[in-house]
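# any chance you can model this:
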Amino acid sequence: MEFEATKFIGAESCFDDADIVIFGAPFDSTTSFRPGARFGPSAIRSESFGIETYSPYQDRDLTDLSICDLGNLELCFGAPESPLADIEECTQMILDGGKLPVMLGGEHLVTLGAFRAVQKKYGDVHLIQFDAHTDLREDYLGNPLSHACVVRRCHDIIGDGKIWQFGIRSGERYEFEFAREHGHIYPTDVSGVSFEGVNDAVAALKGKKVYLTIDLDVLDPAYFCGTGTPEAGGATFNQILGAIIKICSSLDIVGADINELSPHYDQSGASTAIACKLLRELLLAAGNKP
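Modelled structure (predicted):
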């Protein structure tokens, strides 16, 4: 594995000393609308120095944690099989070291590589997804390895009842039917996004291994336009912030990712700044359990 070396703010530990290990997966070759998520991981790192290591939301500081940032994997563009294998290998290395892997995408398909490794390590793993889209297609234009299919491929691995979806407001009818029949979906209605179901997930998943995947298009494009497939009617920053803190501080998170930032679609830099803050809060909540 080869890495492009840069660091997220506060991630100053070496691999051996770290409890949490960040790595980037800059891949977007199956993006179905606007490409550019491959630039997300580097943008998050470079812009992270515009925020503080301290969180007033949690009264915690990244400097109190042991975090290593490996930089970005150098992934082959084109067909996804090779990049997914590289992502799985990197995640497995982190898990074998007894550390928590946190991946920066990239398009949402990159989740599949990391999730494969986590499931192989722990067996019984549940998936919590924040997203605008169901991502439950069997295939997209004949391709079963597309960012539109990533959660369906995860379901192939873990089966029914183990996927919890929040913020969903886009997908084909059969995807919503599949989600209701085979998992737990909390779709958005005309009153807006609700995260009340997060309490249900926390109660149901206590003591279980959980992988958290955050597609940043779960946010409303009024707040977060720097993404490849924006969907109106999304969540606010504070809604996502509260849900992340609740889940990561309450459950046994064994892997996580943040994906689908395409920074050049937001020249103001606001979308990247939001991604940086959400990553900070995720790290702090997951890394400060008793």
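# select the longest helix from this protein.
helix 270-287 (DSSP state H).
# how about the strands in this protein?
Taking DSSP state E, the strands of the chain run over residues 3-4, 20-25, 54-55, 60-61, 67-73, 100-105, 125-130, 163-166, 184-186, 209-215, 252-259.
# next one, pLDDT for the residue nearest to residue 23 when sequence neighbours are not counted please.
Excluding the flanking residues, the one nearest residue 23 by CB to CB, 6 or more residues apart in numbering is residue 70, at 4.3 Å. C-beta here means a position set from N, CA and C on the backbone, and glycine is covered the same way. For residue 70, the model assigns a pLDDT of 96.
# and residue 70, how many neighbours?
Applying other CB atoms under 10 Å, we find 22 other residues in the vicinity of residue 70.
# you'd agree it is up against residue 22?
Yes: with contacts counted by CB atoms under 8 Å, residue 70 reaches residue 22, the gap being 6.8 Å.
# residue 150 contacts residue 106, correct?
No: using CB under 8 Å as the test, residue 150 is too far from residue 106 to be in contact (11.0 Å).
# between the two, which has more neighbouring residues?
Neighbour tally, residue 150 and residue 106, criterion other CB under 10 Å: the higher count belongs to residue 106, 32 against 28.
# give me the distance between that one and residue 112.
Counting by CB to CB, to the nearest Å, the gap from residue 106 to residue 112 is 11 Å.
# what's the answer for residue 82, then?
The value you get for residue 82 to residue 112, if CB to CB is used, is 13 Å.
# higher neighbour count, those two?
residue 112 (23 against 13).
# ends of stretch 18-30, what's the gap?
Length of stretch 18-30, first residue to last, CA to CA, to the nearest Å: 33 Å.
# now do that stretch: distance to the chain's middle.
10 Å (CA atoms, centre = their mean, to the nearest Å).
# pretty sure residue 248 is touching residue 282, no?
Yes: Residue 248 lies in contact with residue 282 (CB under 8 Å); the separation is 5.8 Å.
# find residues that contact each of the two.
212, 256 (CB atoms under 8 Å, 6 or more residues apart in numbering).
# where does the stretch 151-290 of the chain have low pLDDT?
289-290 (pLDDT under 70).
# tell me where it has helices.
173-182, 197-205, 237-250, 270-287 (DSSP state H, counting those that start in this stretch).
# winner for burial among these?
Comparing these by mean neighbour count (mean count of other CB atoms under 10 Å), helix 270-287 comes out on top with a mean of 23.
# can you name every helix or strand that that helix contacts?
strand 20-25, helix 40-47, strand 54-55, strand 100-105, strand 209-215, helix 237-250, strand 252-259 (3 or more CB pairs under 8 Å, 6 or more residues apart in numbering; DSSP states H and E).
# still on that earlier bit, which stretch among the strands of the chain comes nearest residue 221?
strand 209-215 (13.1 Å; CB to CB).
# now the longest helix of the chain and strand 252-259, what's the angle there?
For helix 270-287 against strand 252-259, the angle by axes from the mean of the first three to the mean of the last three CA atoms, to 10 degrees is 170 degrees.
# tabulate the CA atom coordinates of helix 270-287 in PDB.
Taking Å, rounded to 0.1, in the frame of the first residue of the first chain, the C-alpha atoms of helix 270-287 are listed here in PDB:
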ATOM      1  CA  ALA A 270     -18.400  26.000   3.700                       C
ATOM      2  CA  SER A 271     -19.100  22.400   2.700                       C
ATOM      3  CA  THR A 272     -15.600  21.400   3.500                       C
ATOM      4  CA  ALA A 273     -15.600  23.200   6.800                       C
ATOM      5  CA  ILE A 274     -18.800  21.300   7.700                       C
ATOM      6  CA  ALA A 275     -17.100  18.100   6.800                       C
ATOM      7  CA  CYS A 276     -14.100  18.900   9.000                       C
ATOM      8  CA  LYS A 277     -16.300  19.700  12.000                       C
ATOM      9  CA  LEU A 278     -18.400  16.600  11.700                       C
ATOM     10  CA  LEU A 279     -15.200  14.500  11.500                       C
ATOM     11  CA  ARG A 280     -13.800  16.200  14.600                       C
ATOM     12  CA  GLU A 281     -17.000  15.500  16.500                       C
ATOM     13  CA  LEU A 282     -17.100  11.800  15.300                       C
ATOM     14  CA  LEU A 283     -13.500  11.300  16.400                       C
ATOM     15  CA  LEU A 284     -14.200  12.900  19.800                       C
ATOM     16  CA  ALA A 285     -17.400  11.000  20.500                       C
ATOM     17  CA  ALA A 286     -16.000   7.600  19.400                       C
ATOM     18  CA  GLY A 287     -12.600   8.100  21.100                       C
END
